[in-house]
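Sequence below, structure please.
(chains A and B)
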Amino acid sequence: MRRTDRYRYWVVLVGLVVLHFTVRERLGGDRVAPDFLLLALLIYTIRAQPGRSAAGGFVIGLLRDALTPASFGAGALAHTLVGYLASWAKAVFFAENVLVNGCLFFAGTWLRNLVVLLASGRLAGAQLGWELLVWSPIQSLTTAAVGIVILWLFGRWVAVRRADA
Amino acid sequence: MPLGADRYASRADTLLFLGCVGLSVAAMSLPDRWRDPIAQGLRQTVLAPFLALQQQTELLSAARAHYDAVVAQRDSAALAATFLPELRSENVRLRSLLGLGVRLGWGYVPAEVLHQPEPTNPLTFVVSAGRRNGVRPLSAVVSSEGLVGLVSTVDDRTSVVLTWAHPEFRASAIANDGSVSGIVAPHGAAGPGVWLLELKGVPYRQQVLEGTVIVTSGLGGVFPRGIPIGTVVGLAGEAKGWERTYLVRPAIHPAALSHVMILTAARGSGGGADTRGAFQPDSVRP
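Numbers count the residues shown, from 1 in each chain, chains lettered A, B, ... in the order given. Purely as a prediction, here's the structure:
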């Protein structure tokens, strides 16, 4: 592994974070626009071990909770779970395949929304159903699509290298 | 190196995961008085640069939208400014036309000149008044400066004006002081004098001084007496020692017109036939 690969990997992650705070609002409503921050976490979990992925998820979730204090802690829990499970799933279903990674992004986003909604307890009934069955799948789809594009463009930079993670 | 079972079975990973879950649950159970300061602290420290970035992005977006609006307004203003001199000129002309209308009192129809992008437009042009407005063929067409031409064809709502520049234009003319008379016609269709008139048929023994104002004589019944035609600028020629021809600078160029007044047939006879008092004294500059 070249020394610059590590930096490129972080450049991709930082780039996603920047995109989240810059262009995301122009890509549609909050409920359908791709979640670049979560995507950065999921890409991080491709290379990181489950423990670090969980910690990364916790940090990201807590920071997001600071921006949405109404569900403080729920985001941290959801991102922790998603980070850990994504990393675990990559271990189980290890395959450098675009479709597998796309499914991982889709499932990760939907699971995050599910946990946030259930843990925060803010929504119930039909509202919860709409969120989980309509809006969350759409957002998961857009996030997965962006994730696939990112992997297609920068796949070599974020390739799974267990020993370097 | 492929993943092995030891990867996700690592005790450290599990403990870290459980610790994070525990912290998350603890965060969820925090009372508001503790939760809010933590969230506020995160926003003011770690998240501050990202929030600033987002704010700048929003400002940039709003500024861009505002910029587009400003550019559109600027372009409109620039376009309007392009026509400003013409608008001022037209405004002055309209005001003077209004003054002429007051002085004429009656027997006229105002009309707009419907210019066409044709090189022959100064010879004949269409005006926005026709039969419905009382316009009749051979009606005199004037502006506040003086004679423009006469109506050659009348439609229902428009008319065709044959200007003094047209080769077939003729007008019976007289010096403003009544000293000489003659026939005014276009000087020529080519050369530097194409936009000049000539006063023909002046008796050889009569001298017309440069700067003499020429007006319509009222003879022939087409043009009322006293409409300024132009100013004598020099001698054009002599014919066999019995007549002289003088060059006349027209009072108004047809291409410069935006509005005209068409004198109706009723003015062609009776007391309204003399319009000398209607035109401004300085409308024709010597």
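
buried stuff in stretch B:208-215?
For stretch B:208-215, the neighbour count (16 or more other Cβ atoms under 10 Å in any protein chain shown) marks B:Val208, B:Thr212, B:Val213, B:Ile214, B:Val215 as buried. All C-beta spots, glycine's among them, are computed from the backbone N, C-alpha and C.

now these in JSON lines, with secondary structure, pLDDT and distance to B:Val71?
As requested, the buried residues of stretch B:208-215 are exported to JSON lines (DSSP: H, G, I helix; E, B strand; the rest coil; pLDDT from 0 to 100; distance: Cβ to Cβ, whole Å):
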{"residue": "B:Val208", "secondary structure": "coil", "pLDDT": "86", "distance to B:Val71": "58"}
{"residue": "B:Thr212", "secondary structure": "coil", "pLDDT": "90", "distance to B:Val71": "55"}
{"residue": "B:Val213", "secondary structure": "strand", "pLDDT": "91", "distance to B:Val71": "51"}
{"residue": "B:Ile214", "secondary structure": "strand", "pLDDT": "92", "distance to B:Val71": "53"}
{"residue": "B:Val215", "secondary structure": "strand", "pLDDT": "92", "distance to B:Val71": "53"}
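
Show the contacting residues for B:Pro203.
Contacts for B:Pro203 (Cβ atoms under 8 Å, 6 or more residues apart in numbering or on different chains) come out as B:Val180, B:Trp242, B:Glu243, B:Arg244.

Report the beta-bridge partner residues of it.
Going by DSSP bridges, B:Pro203 is paired in beta bridges with B:Glu243.

Report the central residue of chain A.
Nearest to the geometric centre of chain A sits A:Leu38, at 2.6 Å (Cα atoms, centre = their mean).

related to what we said a few turns ago, farthest-separated two in the contacts of B:Pro203?
B:Val180 and B:Trp242 (14.4 Å; Cβ to Cβ).

Same drill for the two, tell me which one is more crowded.
Taking neighbours as other Cβ atoms under 10 Å in any protein chain shown, B:Val180 and B:Trp242 compare with B:Val180 leading, 21 against 9.

doesn't B:Gln206 make contact with that one?
Yes. Assessed by Cβ atoms under 8 Å, B:Val180 is found in contact with B:Gln206 at 4.9 Å.

which element follows the one helix or strand in chain A whose mean pLDDT sits lowest toward the C-terminus?
Using mean pLDDT, DSSP states H and E, the weakest-scoring helix or strand in chain A turns out to be helix A:125-130, at a mean of 77. Using DSSP states H and E, the helix or strand that follows helix A:125-130 in sequence is helix A:136-154.

Name the residues that touch that next one?
So helix A:136-154 is in contact with A:8, A:12, A:16, A:27-28, A:31-36, A:38-39, A:42-43, A:98, A:101-103, A:105-107, A:109-110, A:113-114, A:158, going by Cβ under 8 Å, 6+ apart.

coming back round to it: identify the farthest-apart pair in the buried residues of stretch B:208-215.
It's B:Val208 and B:Val215 that sit farthest apart of these, by Cβ to Cβ, at 13.1 Å.

okay, and the common contacts of the two?
Listed as contacting both B:Val208 and B:Val215 by Cβ under 8 Å, 6+ apart are B:Ala175.

Going through the contacts of helix A:136-154, which ones are buried?
Neighbour-count burial (16+ other Cβ under 10 Å) is assigned, among the contacts of helix A:136-154, to A:12, A:16, A:32-36, A:38-39, A:42-43, A:101-102, A:105-107, A:109-110, A:113-114, A:158.

Whichever residue of the stretch 151-286 of chain B sits closest to chain A: neighbour count?
Residue nearest to chain A within the stretch 151-286 of chain B (Cβ to the nearest Cβ): B:Ser258, separated by 48.4 Å. Neighbours of B:Ser258 under the rule other Cβ under 10 Å: 17.

can you check A:Gly15 too?
Count around A:Gly15 with other Cβ under 10 Å applied: 14.

What of B:Leu60?
There are 12 residues near B:Leu60, going by other Cβ under 10 Å.

how about the nearest residue to B:Ser108, chain neighbours excluded?
No Ser there; residue B:108 is Tyr. B:Met261 (4.6 Å; Cβ to Cβ, 6 or more residues apart in numbering or on different chains).

Next secondary structure element downstream of the worst-scoring helix or strand of chain B on mean pLDDT?
For chain B, the helix or strand with the lowest mean confidence is helix B:5-8, at a mean of 50 (criterion: mean pLDDT, DSSP H and E). Using DSSP H and E, the helix or strand that follows helix B:5-8 towards the C-terminus is helix B:11-28.

Mind exporting the C-alpha coordinates of the helix or strand just after that following helix to PDB?
For helix B:11-28, the following helix or strand on the C-terminal side (DSSP H and E) is helix B:32-44. Extracted as PDB, the C-alpha positions of helix B:32-44 are listed here (Å, rounded to 0.1, in the frame of the first residue of the first chain):
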ATOM      1  CA  ASP B  32     -32.700  18.400  29.500                       C
ATOM      2  CA  ARG B  33     -30.700  20.500  31.800                       C
ATOM      3  CA  TRP B  34     -27.700  18.300  31.100                       C
ATOM      4  CA  ARG B  35     -28.500  17.500  27.500                       C
ATOM      5  CA  ASP B  36     -28.800  21.000  26.200                       C
ATOM      6  CA  PRO B  37     -25.400  22.200  27.500                       C
ATOM      7  CA  ILE B  38     -23.700  19.200  25.900                       C
ATOM      8  CA  ALA B  39     -25.400  19.700  22.600                       C
ATOM      9  CA  GLN B  40     -24.600  23.400  22.800                       C
ATOM     10  CA  GLY B  41     -21.000  22.700  23.600                       C
ATOM     11  CA  LEU B  42     -20.700  20.400  20.600                       C
ATOM     12  CA  ARG B  43     -22.300  22.900  18.300                       C
ATOM     13  CA  GLN B  44     -20.000  25.600  19.500                       C
END
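
do helix B:32-44 and chain A meet?
Yes. Helix B:32-44 is in contact with chain A by Cβ under 8 Å from any Cβ of the partner chain, via B:Arg35, B:Asp36, B:Ile38, B:Ala39, B:Gln40, B:Leu42, B:Arg43.

before we move on, back to that, whatever helix or strand the residue nearest to the centre of chain A lives in vs helix A:136-154, what angle?
Using DSSP H and E, A:Leu38 maps to helix A:36-47. Interaxial angle, helix A:36-47 versus helix A:136-154 (axes from the mean of the first three to the mean of the last three Cα atoms, to 10 degrees): 60 degrees.

tally of neighbours for B:Ala239?
11.

what residues does chain A put near chain B?
Going by Cβ under 8 Å from any Cβ, the residues of chain A near chain B are A:17-18, A:21-23, A:25-26, A:49-52, A:54-55, A:57-58, A:61-63, A:65-67, A:69, A:72-74, A:76-77, A:80-81, A:84, A:87-88, A:90-92, A:94, A:119, A:162-163.

So which of those residues are in strands?
Residues of these located in strands (DSSP state E): none.

Any chance of a PyMOL selection covering the buried ones in the residues you listed?
Selection of buried members from the residues of chain A next to chain B for PyMOL, criterion 16+ other Cβ under 10 Å:
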select buried, chain A and resi 17+18+21+22+49+50+51+52+54+55+57+58+61+62+63+65+66+69+72+73+74+76+77+80+81+84+87+88+90+91+119+162
